[in-house]
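S.K.: got a sequence here, can you model it:
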Amino acid sequence: MFKTNNYEELYFLFCLFLGVQISNAQSDTLLIEKTLQNYMDGSSYNKPEMLLSTFTKNATLYLTGRDGFKLYSPEEYVGFFKNAKIGKFNGRVATILATEVVKDIATAKVEIAGPDRKWIYIDLFLLKKFENGWKIISKTATRVDDGK
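M.R.: So this is what the prediction gives:
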(Lines give C-alpha, C1' and ligand atoms only; values in the text may rest on other atoms or scores of the structure.)
Protein backbone atom coordinates (compact mmCIF):
# COMPACT_ATOMS: atom_id res chain seq x y z
CA MET A 1 0.00 0.00 0.00
CA PHE A 2 1.22 3.47 -0.85
CA LYS A 3 1.82 5.66 2.23
CA THR A 4 2.34 9.39 2.22
CA ASN A 5 1.50 12.39 4.32
CA ASN A 6 1.85 14.69 1.36
CA TYR A 7 -1.67 15.67 0.24
CA GLU A 8 -0.34 17.25 -2.95
CA GLU A 9 1.15 13.89 -3.90
CA LEU A 10 -2.12 12.11 -3.15
CA TYR A 11 -4.08 14.71 -5.11
CA PHE A 12 -1.69 14.31 -8.07
CA LEU A 13 -2.04 10.51 -7.99
CA PHE A 14 -5.82 10.79 -7.75
CA CYS A 15 -5.95 13.18 -10.71
CA LEU A 16 -3.64 10.90 -12.71
CA PHE A 17 -5.83 7.88 -11.95
CA LEU A 18 -8.98 9.82 -12.82
CA GLY A 19 -7.41 11.06 -16.05
CA VAL A 20 -6.53 7.52 -17.10
CA GLN A 21 -10.09 6.35 -16.36
CA ILE A 22 -11.60 9.21 -18.37
CA SER A 23 -9.17 8.59 -21.22
CA ASN A 24 -10.07 4.88 -21.30
CA ALA A 25 -13.80 5.70 -21.33
CA GLN A 26 -13.30 8.21 -24.15
CA SER A 27 -11.27 5.77 -26.22
CA ASP A 28 -13.89 3.05 -25.67
CA THR A 29 -16.61 5.46 -26.75
CA LEU A 30 -14.66 6.26 -29.93
CA LEU A 31 -14.16 2.55 -30.65
CA ILE A 32 -17.87 1.88 -30.10
CA GLU A 33 -18.72 4.74 -32.44
CA LYS A 34 -16.36 3.22 -35.02
CA THR A 35 -18.20 -0.11 -34.79
CA LEU A 36 -21.54 1.68 -35.13
CA GLN A 37 -20.23 3.72 -38.06
CA ASN A 38 -19.18 0.49 -39.79
CA TYR A 39 -22.67 -0.88 -39.13
CA MET A 40 -24.26 2.28 -40.56
CA ASP A 41 -21.94 2.42 -43.59
CA GLY A 42 -22.37 -1.30 -44.23
CA SER A 43 -26.15 -1.04 -44.22
CA SER A 44 -26.37 2.34 -46.00
CA TYR A 45 -23.90 1.48 -48.77
CA ASN A 46 -24.80 -2.19 -49.15
CA LYS A 47 -21.45 -3.50 -47.94
CA PRO A 48 -22.26 -6.96 -46.58
CA GLU A 49 -18.73 -7.81 -45.38
CA MET A 50 -18.46 -4.54 -43.44
CA LEU A 51 -21.92 -4.97 -41.96
CA LEU A 52 -21.31 -8.58 -40.94
CA SER A 53 -17.99 -7.65 -39.30
CA THR A 54 -19.78 -5.48 -36.73
CA PHE A 55 -21.59 -8.47 -35.16
CA THR A 56 -20.45 -11.45 -33.14
CA LYS A 57 -21.23 -14.72 -34.91
CA ASN A 58 -23.97 -15.53 -32.40
CA ALA A 59 -25.46 -12.02 -32.15
CA THR A 60 -29.22 -11.84 -31.70
CA LEU A 61 -31.30 -9.42 -33.74
CA TYR A 62 -34.90 -9.06 -32.63
CA LEU A 63 -36.87 -7.30 -35.36
CA THR A 64 -40.45 -6.85 -36.45
CA GLY A 65 -40.94 -7.54 -40.13
CA ARG A 66 -43.57 -8.81 -42.52
CA ASP A 67 -43.73 -12.07 -40.56
CA GLY A 68 -44.11 -10.34 -37.19
CA PHE A 69 -41.57 -10.21 -34.36
CA LYS A 70 -38.71 -12.58 -35.12
CA LEU A 71 -35.16 -13.48 -34.11
CA TYR A 72 -32.60 -13.09 -36.91
CA SER A 73 -28.97 -14.11 -37.18
CA PRO A 74 -26.40 -11.61 -38.45
CA GLU A 75 -26.24 -13.53 -41.75
CA GLU A 76 -30.02 -13.31 -42.20
CA TYR A 77 -29.96 -9.59 -41.45
CA VAL A 78 -27.13 -8.92 -43.89
CA GLY A 79 -29.18 -10.85 -46.46
CA PHE A 80 -31.71 -8.00 -46.43
CA PHE A 81 -29.14 -5.98 -48.40
CA LYS A 82 -28.02 -8.71 -50.83
CA ASN A 83 -29.92 -7.52 -53.91
CA ALA A 84 -28.62 -3.95 -53.80
CA LYS A 85 -25.57 -2.71 -55.64
CA ILE A 86 -22.51 -2.87 -53.38
CA GLY A 87 -21.19 0.57 -52.51
CA LYS A 88 -24.26 2.44 -53.75
CA PHE A 89 -25.99 4.65 -51.17
CA ASN A 90 -29.48 3.31 -50.53
CA GLY A 91 -30.86 6.37 -48.74
CA ARG A 92 -30.55 5.09 -45.16
CA VAL A 93 -29.25 7.88 -42.93
CA ALA A 94 -28.12 6.99 -39.43
CA THR A 95 -27.33 9.13 -36.41
CA ILE A 96 -25.88 7.95 -33.11
CA LEU A 97 -28.11 9.43 -30.41
CA ALA A 98 -26.47 7.99 -27.28
CA THR A 99 -23.90 5.54 -25.99
CA GLU A 100 -23.18 4.32 -22.49
CA VAL A 101 -20.15 2.27 -21.49
CA VAL A 102 -19.84 0.12 -18.39
CA LYS A 103 -16.43 -1.55 -18.34
CA ASP A 104 -16.56 -4.07 -21.21
CA ILE A 105 -20.22 -3.71 -22.18
CA ALA A 106 -22.12 -0.84 -23.76
CA THR A 107 -25.48 0.27 -25.04
CA ALA A 108 -26.15 2.50 -28.01
CA LYS A 109 -29.21 4.23 -29.43
CA VAL A 110 -29.22 5.02 -33.15
CA GLU A 111 -31.81 6.70 -35.35
CA ILE A 112 -32.12 5.14 -38.81
CA ALA A 113 -34.14 7.10 -41.37
CA GLY A 114 -35.16 5.90 -44.80
CA PRO A 115 -34.94 7.85 -48.02
CA ASP A 116 -36.35 11.35 -47.49
CA ARG A 117 -37.29 10.28 -43.91
CA LYS A 118 -40.31 8.34 -45.19
CA TRP A 119 -39.70 5.99 -42.27
CA ILE A 120 -37.71 6.33 -39.06
CA TYR A 121 -36.53 3.61 -36.71
CA ILE A 122 -34.79 3.71 -33.37
CA ASP A 123 -32.29 0.89 -33.05
CA LEU A 124 -30.99 -0.21 -29.67
CA PHE A 125 -27.69 -2.08 -29.55
CA LEU A 126 -25.83 -4.10 -26.93
CA LEU A 127 -22.10 -4.22 -27.50
CA LYS A 128 -19.28 -6.20 -25.87
CA LYS A 129 -15.58 -5.43 -25.83
CA PHE A 130 -13.32 -8.20 -27.12
CA GLU A 131 -9.57 -8.35 -27.72
CA ASN A 132 -10.14 -7.32 -31.34
CA GLY A 133 -12.54 -4.47 -30.52
CA TRP A 134 -16.19 -3.79 -29.83
CA LYS A 135 -18.84 -6.00 -31.43
CA ILE A 136 -22.62 -5.88 -31.52
CA ILE A 137 -24.03 -8.80 -29.54
CA SER A 138 -27.71 -7.84 -29.83
CA LYS A 139 -29.98 -5.38 -31.62
CA THR A 140 -33.64 -4.50 -31.69
CA ALA A 141 -35.53 -1.74 -33.44
CA THR A 142 -38.90 -0.05 -33.53
CA ARG A 143 -40.49 2.28 -36.05
CA VAL A 144 -41.18 5.72 -34.57
CA ASP A 145 -42.65 7.72 -37.47
CA ASP A 146 -46.39 7.80 -38.19
CA GLY A 147 -46.20 4.60 -40.26
CA LYS A 148 -46.76 1.16 -38.79
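
S.K.: may I ask which helix or strand encompasses the spatially most central residue of the chain?
M.R.: Geometric centre of the chain, nearest residue: residue 36, 3.9 Å, by C-alpha atoms, centre = their mean. Here residue 36 sits within helix 7-44, counting by DSSP states H and E.

S.K.: out of the helices and strands in this protein, which is least certain?
M.R.: In the chain, the helix or strand scored least confidently by mean pLDDT, DSSP states H and E is helix 7-44, which has a mean of 75.

S.K.: I'd like the next helix or strand past it.
M.R.: Counting by DSSP H and E, what follows helix 7-44 is helix 48-53.

S.K.: packing partners of that next one?
M.R.: helix 7-44, helix 74-79 (3 or more C-beta pairs under 8 Å, 6 or more residues apart in numbering; DSSP states H and E). Where C-beta positions appear, they are placed from N, C-alpha and C, glycine not excepted.

S.K.: only the buried residues of the last one, if you could.
M.R.: Of the residues in helix 74-79, those with enough neighbours to count as buried (16 or more other C-beta atoms under 10 Å) are 74, 77-78.

S.K.: ditto for stretch 28-37
M.R.: Quick answer for stretch 28-37 (16+ other C-beta under 10 Å): 28-29, 31-32, 35-36.

S.K.: so which of those residues would you say is closest to residue 142?
M.R.: Using C-beta to C-beta, residue 36 comes nearest to residue 142 of the buried residues of stretch 28-37, at 17.7 Å.

S.K.: thought the closest one was touching residue 97?
M.R.: No. Assessed by C-beta atoms under 8 Å, residue 36 is found out of contact with residue 97, at 10.5 Å.

S.K.: anything in contact with each of the two?
M.R.: residue 110 (C-beta atoms under 8 Å, 6 or more residues apart in numbering).

S.K.: parallel or antiparallel, which strands does the helix or strand residue 122 falls within pair with?
M.R.: Element membership for residue 122, per DSSP H and E: strand 120-130. Using DSSP bridges, strand 120-130 pairs in its sheet with strand 105-113 (antiparallel), strand 133-143 (antiparallel).

S.K.: what's next to that strand, contact-wise?
M.R.: Looking at what lies outside strand 120-130 - C-beta under 8 Å, 6+ apart - the contacts are 28, 31-32, 35-36, 39, 56, 97, 103-114, 134-145.

S.K.: and if we set it to 7 Å?
M.R.: 28, 32, 35, 104-113, 134-145 (C-beta atoms under 7 Å, 6 or more residues apart in numbering).

S.K.: I'm done for today, thanks for sticking with me.
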